[in-house]
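*Asks:* Generate a structure from the sequence data that follows.
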Amino acid sequence: MAQNRKNDPRRVRYTEEDVLKSATSRYRRRSLGKSGIAVILCTVMLLAVVAVSVAFMMTLDWKRPGRDRQDELAESFLKENPPETEPEVKFDTITKTAADVAVGDVILVNYRYKYVFPETEDHLVNIYKNKTSDYAVAYNDYLLDGDVLDVFSRLIADLKKATGDSPILVNSTYRSLEDQQSIYDSYVQSNGEEYAKQYVADPGSSEHHTGKALDLTVRYSDGSYVQMKNYEDLDTFVSLCIMNGFVQRYPENKYVFTHINTEPWHYRYVGLPHSYLMFKKNMCLEEYVEFVRDYSADGEMLLLTAEGEVSSCDKKTLPKNGYVVYYVPMGEEDTVLIPVPADAADYNISGDNCGGFIVSVKFGEPELPLASYKVPVVTPVG
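*Replies:* Here you go, the predicted structure:
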């Protein structure tokens with residue numbers, strides 16, 4: 001039988017006083033919880049204030065004990081062991097004018113860029129009166145740039161030393177505007193205008209106007225003649241040409257650039273290192289002038305090492321021994337300043353005849369390896 005819970009002695013009886021005490025106790029506990037939260041908030045705010053104060057104090061130049069002595073030691077160490085810095089490269093500046101763009105060893109003269117004839121031709125000398133006995137000249141009134149003639153004579157001396165013979169005959173050099181017109185008209189009359197345009201430059205567009213170009217053939221001591229393309233020592237001759245600053249101006253497969261068919265007899269002086277770079281890059285002069293325009297003194301420069309390797313450098317990595325080449329545009333002013341490294345062994349500034357200057361700089365005394373030229377083998381069509 002179920003027990004009467006009302007009369008159960010285990011049942012706790014609460015009086016009104018007990019209920020009142022219980023309610024007051026719960027109220028006090030709730031009040032204590034809110035106080036705890038307030039205390040936590042106050043603590044956080046206090047820590048934040050302390051953190052801000054510390055940060056502010058760290059910005060002040062307070063001296064810790066011994067700080068002065070530490071500073072002295074640090075300064076002394078830096079004086080005795082200064083940090084390594086890259087040496088400053090100094091440049092001299094050479095002033096050039098707009099007229100100078102048409103003057104120099106690397107000027108481009110072709111169907112597009114005509115030669116600018118100077119007021120005087122005092123750079124030309126008579127070949128017959130100034131040549132050596134190592135080669136022959138077809139006519140005794142031929143003229144050539146004096147500096148180019150000196151180099152050409154050295155070239156022929158090198159050829160004779162290398163092969164034991166130097167059967168070179170100079171059969172065309174400087175031409176005036178009237179000379180070129182006469183030759184052009186003669187070709188037109190003999191072979192037609194289409195043929196003449198492939199093998200003869202228009203008057204004013206011929207390299208022969210510069211006095212830096214020669215047409216050559218081979219004449220042996222027995223009186224026999226051989227075209228340059230059939231010269232038995234042609235490989236050696238062209239290699240020595242490159243080493244002395246000459247290039248075969250109209251090589252195989254370059255008509256698209258030159259607009260002149262292959263002429264194995266026509267050689268042009270451009271100087272070192274340009275002849276060597278043109279050989280290494282397999283470029284004709286039109287290609288080379290365009291190629292060099294991508295290089296500048298303030299950025300990347302074209303580098304030819306003393307080992308004959310083609311690379312690039314900048315003003316912080318200039319070679320101790322080698323050549324660098326770069327381009328300087330003329331701009332719209334009447335003059336332009338050409339930068340040249342102050343510690344260079346030598347330099348040459350040439351106009352390109354089409355808007356700017358090609359600068360070549362020599363460092364040290366580089367002895368380039370021989371340019372090993374091989375006559376290209378032309379495969380017959382069909």
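*Asks:* CA only for contacts and neighbour counts going forward, please
*Replies:* Fine.
*Asks:* list the contacts for the closest residue to residue 208 other than its chain neighbours?
*Replies:* Excluding the flanking residues, the one nearest residue 208 by Cα to Cα, 6 or more residues apart in numbering is residue 174, at 4.9 Å. Shown in contact with residue 174 (Cα atoms under 8 Å, 6 or more residues apart in numbering): 142-144, 208-214.
*Asks:* Out of the residues you listed, who's the most crowded?
*Replies:* Among the contacts of residue 174, the one with the most neighbours (other Cα atoms under 10 Å) is residue 210, at 29 neighbours.
*Asks:* Could I get the contacting residues of it?
*Replies:* By Cα under 8 Å, 6+ apart, the residues touching residue 210 are 115, 145, 174.
*Asks:* all helices of the stretch 251-382 of the chain, in order?
*Replies:* Counting by DSSP state H, counting those that start in this stretch, the stretch 251-382 of the chain has helices at residues 255-258, 274-281, 285-292.
*Asks:* tell me the mean pLDDT for the first one?
*Replies:* Meaning helix 255-258. Here helix 255-258 scores 95 as its mean pLDDT.
*Asks:* Name whatever forms a beta bridge with residue 326.
*Replies:* residue 359 (DSSP bridges).
*Asks:* contacting residues for it?
*Replies:* 292-297, 301-302, 358-360.
*Asks:* The contacts of residue 210 in strands, which ones?
*Replies:* Counting by DSSP state E, the part of the contacts of residue 210 found in strands is residue 145.
*Asks:* okay, the contacts of residue 210 in TSV with distance to residue 221 next?
*Replies:* Compiled in TSV, the contacts of residue 210 are given as follows (distance: Cα to Cα, whole Å):
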residue	distance to residue 221
115	37
145	27
174	26
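*Asks:* Please check the contacts of residue 326 and keep the buried ones.
*Replies:* Among these, those classed as buried by 16 or more other Cα atoms under 10 Å are 292-293, 295-297, 301-302, 358-360.
*Asks:* Could you find which two of the residues you listed are furthest from each other?
*Replies:* 293 and 360 (12.7 Å; Cα to Cα).
*Asks:* still on that earlier bit, most packed of the helices of the stretch 251-382 of the chain?
*Replies:* Most buried of the helices of the stretch 251-382 of the chain, by mean neighbour count (mean count of other Cα atoms under 10 Å): helix 274-281, with a mean of 20.
*Asks:* End to end on stretch 103-112, go ahead and measure it.
*Replies:* Chord length of stretch 103-112, first to last residue, is 16 Å (Cα to Cα, to the nearest Å).
*Asks:* buried set for that stretch?
*Replies:* By 16+ other Cα under 10 Å, the buried positions in stretch 103-112 come out as 103-111.
*Asks:* For these, could you give me a markdown table that also reports pLDDT, distance to residue 222 and secondary structure?
*Replies:* Below are the buried residues of stretch 103-112 laid out as a markdown table (pLDDT from 0 to 100; distance: Cα to Cα, whole Å; DSSP: H, G, I helix; E, B strand; the rest coil):
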| residue | pLDDT | distance to residue 222 | secondary structure |
| --- | --- | --- | --- |
| 103 | 97 | 41 | coil |
| 104 | 97 | 39 | coil |
| 105 | 98 | 36 | coil |
| 106 | 98 | 38 | coil |
| 107 | 98 | 39 | coil |
| 108 | 98 | 39 | coil |
| 109 | 98 | 37 | coil |
| 110 | 96 | 38 | coil |
| 111 | 93 | 40 | coil |
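*Asks:* And the residues you listed, which is closest to residue 278?
*Replies:* Distances from residue 278 to the buried residues of stretch 103-112, taken by Cα to Cα, are shortest for residue 106, at 11.6 Å.
*Asks:* so where's the stretch 251-382 of the chain uncertain?
*Replies:* Counting by pLDDT under 70, the stretch 251-382 of the chain has low-confidence residues at 377-382.
*Asks:* Done for today, thanks.
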